[in-house]
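> My questions concern the predicted model and sequence given below.
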Amino acid sequence: MNINLDKLSFMPSELKTVIDILNEHSKEIYKEEPNEEDEGKKAIEPEHLKIVNNLDYITGYGAGYFAGVFDEYTLVREKDSGNYFWFYVHYEREIFKVFPAKKEEVEPLVLEDDRRDIEMYIEALEDSDGIPYVKFNEDDFKIYVWMKIASCNRELRQEFEKFISVQYEKYQENLLSELQIKNNNFYLHDGKLYVKTATGQLFELRHIKK
């Protein structure tokens with residue numbers, strides 16, 4: 001199954017709502033009340049919105065993927081450069097980091113979706129320092145912008161996983177059609193391929209690469 005990560009990005013409704021509200025609260029068009037305490041009513045720096053609006057959102061890991069965690073990793077791609085990054089935030093410790101990522105590393109990682117491999121990869125990231133990505137007022141970006149975006153990671157990941165699942169089903173169906181042209185003893189059931197032997201037994205084909 002050939003999927004090019006460069007072609008993928010997702011915008012679940014929850015994430016779109018968050019980004020739309022952030023843009024509506026740009027300091028260029030929105031006036032914050034004096035001594036405003038409500039984080040949802042803070043005016044957002046235009047420089048921060050440029051970052052948010054220049055990102056394609058791909059998938060994310062955190063709550064709902066790992067048990068009992070307070071941090072979120074979001075895989076993004078810059079629209080203008082095509083470069084990949086992990087944006088990381090820890091809600092309880094209020095830590096924010098950005099890590100550059102290589103497509104040749106993250107593409108098989110997220111497409112295969114092996115939980116242990118992803119956990120090991122993320123643990124390795126946590127030991128690094130990240131890069132100075134947000135050049136202006138990083139604390140405000142962390143609290144008023146990225147924590148809100150990262151809260152949509154679950155929905156983002158669900159859209160990513162749904163797309164991959166549909167593509168895999170199509171791949172299996174196409175593969176089945178090709179196999180049946182040569183031999184009609186191949187069957188597809190519950191997303192799995194089986195071959196029927198001369199004795200009528202069904203064996204799952206487990207080692208066909210996605």
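Structure received. Quick caveat: nothing in here was measured; it's all calculated off a predicted structure.
> How many residues are close by residue 41?
By other CB atoms under 10 Å, 12 other residues sit near residue 41. No exception for glycine: its C-beta is placed from N, CA and C like everyone else's.
> now swap in residue 40 and tell me
Quick note: residue 40 (other CB under 10 Å) scores 9 neighbours.
> Would you map the helices across the protein?
Per DSSP state H, the chain carries helices over the ranges 13-24, 46-53, 103-112, 115-126, 138-140, 147-150, 153-182.
> Contacts for the third one, please.
Spelled out, that is helix 103-112. Contacts with helix 103-112, where a contact means CB atoms under 8 Å, 6 or more residues apart in numbering, come from 3, 5-6, 58-59, 75, 84, 117-118, 121, 160, 164, 210.
> ok, now how distant is the residue nearest to the spatial centre of the chain from residue 9?
Centroid check for the chain by CA atoms, centre = their mean gives residue 59 as the closest residue, at 0.5 Å. Residue 59 sits 10 Å away from residue 9, going by CB to CB, to the nearest Å.
> And residue 85, by the same measure?
Going from residue 85 to residue 9 by CB to CB gives 13 Å.
> and if you look at residue 50?
Counting by CB to CB, the gap from residue 50 to residue 9 is 17 Å.
> Of those two, which one has the most company?
Using other CB under 10 Å as the criterion, residue 50 and residue 9 rank with residue 9 on top: 17 against 10.
> tell me the contacts of the more buried one?
Counted by CB under 8 Å, 6+ apart, residue 9 has contacts 56, 57, 58, 77.
> now the last one, nearest residue through space, not along the chain?
In other words, residue 77. Nearest non-adjacent residue to residue 77, counting by CB to CB, 6 or more residues apart in numbering: residue 56, 4.4 Å away.
> what's around the one you found, how many residues?
17.
> cool, and residue 140?
Neighbours around residue 140, by other CB under 10 Å: 17.
> Next one: the closest residue to it other than its chain neighbours from residue 20, what distance?
Distances taken as CB to CB, 6+ apart put residue 45 closest to residue 140, at 6.5 Å, once the chain neighbours are dropped. According to CB to CB, residue 45 and residue 20 sit 17 Å apart.
> With residue 9 instead?
Counting by CB to CB, the gap from residue 9 to residue 20 is 17 Å.
> List the contacts of the closest residue to residue 42 other than its chain neighbours.
Computed as CB to CB, 6+ apart, the closest residue to residue 42 that is not its neighbour in sequence is residue 144, at 4.8 Å. Neighbouring residues of residue 144 by CB under 8 Å, 6+ apart: 39, 42, 44, 48.
> Perfect, I'm done here.
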